[in-house]
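[1] got a sequence here, can you build the structure:
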Amino acid sequence: MFWVPLLLLAWVVAGVACLRLCLAAVRGAAAPADGSGVAEGRGLTLYEAAFLSGGPGRVADVTLVAMARQRRLLLAHTGWATVVDPRGRDDMERSVIGAIGPGGQSPIAPVRTAAAGADPVHGIAERLVGAGLAVPDGAGTTVADAVRQVRLAAAAVAALGVAALLMPAPSDVPRHLVALWFALPLILALSCLAIARFEVHPYSRWASPAGQRLLGALPREAGGAGDDRTYLTSIAVRGVRAAGEPELRAAFAHREPRRGR
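    Here you go, the predicted model:
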């Protein structure tokens, strides 16, 4: 009966993960509903759409791309940013220029990290949380986090079941019954994933249900050279991978080689 402790562990793992998913879904459904009305009256700014879609890092990405589109910043495919116009037009642009430094040139990765943690991004987050469009920090496990936990729980249950079947066969319980017992917590985890897929998909770490509804109304196809607003909105919603220029995607994908110790 060495498989029984493994079965109990499988039930605990699956049960806890599914409970967290249910609680996260309930918290998301209980988010303030009046925030959507506030946003519907004014719409989402480009930075707000970027934050709701990808968090602080996405806001920094959109700022860098917008400045590059206006030829006020050069983004090389080698992963470096060079300032052309040192006058920022808003707080986010000034944060990016400040992160690049007085030399006017810096690798993109540290600039992105510094800009994402700057005060203007915190201000965007606070406004969105106050409007009920973003998930506040410290609100507990988000639906996206909970879904990942249930996926890990399903894999753990399957692994425990395999381990139980590889143990010496018990004399009183056939192997197919052991497998059936482990199938029950696995079915529980998979059922929760299926329900979450239909009820609360897409999963978002940053946007509340009201925020997701507003994001769904935004254009997602990148426009041409003369359609900067649509182009940048696509970057805000989908990330730099939506950029049509291979050089731009390479600039953000570039990583500095590790230095030897």
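[2] domain map for the protein?
    When the chain is parsed with automatic domain parsing, its domains come out as 3-32+141-199, 45-132+231-253.
[3] make JSON lines from the ones you listed and add mean neighbour count, distance to residue 213 and mean pLDDT to it.
    C-beta: built from backbone N, CA, C; applies to glycine. Listed next are the domains of the chain as JSON lines, based on neighbours: other Cβ atoms under 10 Å; distance: least, Cβ to Cβ, whole Å; pLDDT from 0 to 100:
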{"stretch": "domain 3-32+141-199", "mean neighbour count": "17", "distance to residue 213": "11", "mean pLDDT": "82"}
{"stretch": "domain 45-132+231-253", "mean neighbour count": "19", "distance to residue 213": "11", "mean pLDDT": "90"}
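[4] do you know which of these lies nearest residue 205?
    Across the domains of the chain, residue 205 has its closest neighbour in domain 3-32+141-199 (4.6 Å, Cβ to Cβ).
[5] wait, what's in contact with residue 81?
    64, 73-75, 96, 100, 105-108, 111 (Cβ atoms under 8 Å, 6 or more residues apart in numbering).
[6] can you list which of those are found in helices?
    64, 96, 100, 108, 111 (DSSP state H).
[7] can you tell me, leaving aside adjacent residues, what's nearest to the third one?
    Sequence neighbours aside, residue 106 is the residue nearest to residue 100 in space, at 4.5 Å (criterion: Cβ to Cβ, 6 or more residues apart in numbering).
[8] next SSE downstream of the strand or helix carrying residue 231?
    In this assignment (DSSP states H and E), residue 231 forms part of helix 228-238. Where DSSP H and E defines the elements, the next helix or strand beyond helix 228-238 is helix 246-253.
[9] which residues in the stretch 151-261 of the chain form helices?
    Taking DSSP state H, counting those that start in this stretch, the helices of the stretch 151-261 of the chain run over residues 175-199, 209-216, 228-238, 246-253.
[10] adding distance to residue 131, write those helices out as TSV.
    Formatted as TSV, the helices of the stretch 151-261 of the chain follow (distance: least, Cβ to Cβ, whole Å):
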stretch	distance to residue 131
helix 175-199	24
helix 209-216	8
helix 228-238	17
helix 246-253	29
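[11] nearest to residue 25, of those?
    helix 175-199 (7.0 Å).
[12] now do that closest one: which elements does it pack against?
    helix 3-29, helix 143-166 (3 or more Cβ pairs under 8 Å, 6 or more residues apart in numbering; DSSP states H and E).
[13] what's in contact with that helix?
    Taking Cβ under 8 Å, 6+ apart as the rule, helix 175-199 contacts 3, 6-7, 10-11, 13-15, 17-18, 21-22, 25, 143, 146-147, 150-151, 153-154, 157-158, 160-161, 164-165, 169-170, 203.
[14] residue 69 contacts residue 232, correct?
    Yes. Under the criterion of Cβ atoms under 8 Å, residue 69 is in contact with residue 232, at a separation of 7.2 Å.
[15] any idea how far the helix holding residue 231 is from the chain center?
    Chain-centre distance of helix 228-238: 17 Å, with Cα atoms, centre = their mean, to the nearest Å.
[16] what lies in contact with stretch 8-26?
    Applying Cβ under 8 Å, 6+ apart, the contact partners of stretch 8-26 are 140-143, 145-147, 149-150, 152-154, 156-157, 160-161, 182, 185-186, 188-189, 192, 196, 199-200.
[17] can you tell me how far the residue nearest to residue 20 when sequence neighbours are not counted sits from residue 253?
    What sits nearest to residue 20 in space, not counting adjacent residues and going by Cβ to Cβ, 6+ apart, is residue 146, at 4.8 Å. Separation of residue 146 from residue 253 (Cβ to Cβ, to the nearest Å): 30 Å.
[18] output stretch 108-115 as CSV - backbone C-alpha positions only.
    The C-alpha trace of stretch 108-115 is given here as CSV (Å, rounded to 0.1, in the frame of the first residue of the first chain):
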residue,chain,number,x,y,z
ILE,A,108,18.4,48.7,-24.7
ALA,A,109,17.9,46.0,-22.0
PRO,A,110,19.0,48.1,-19.0
VAL,A,111,17.1,51.1,-20.4
ARG,A,112,14.0,49.1,-20.7
THR,A,113,14.4,47.8,-17.1
ALA,A,114,15.0,51.2,-15.7
ALA,A,115,12.1,52.8,-17.5
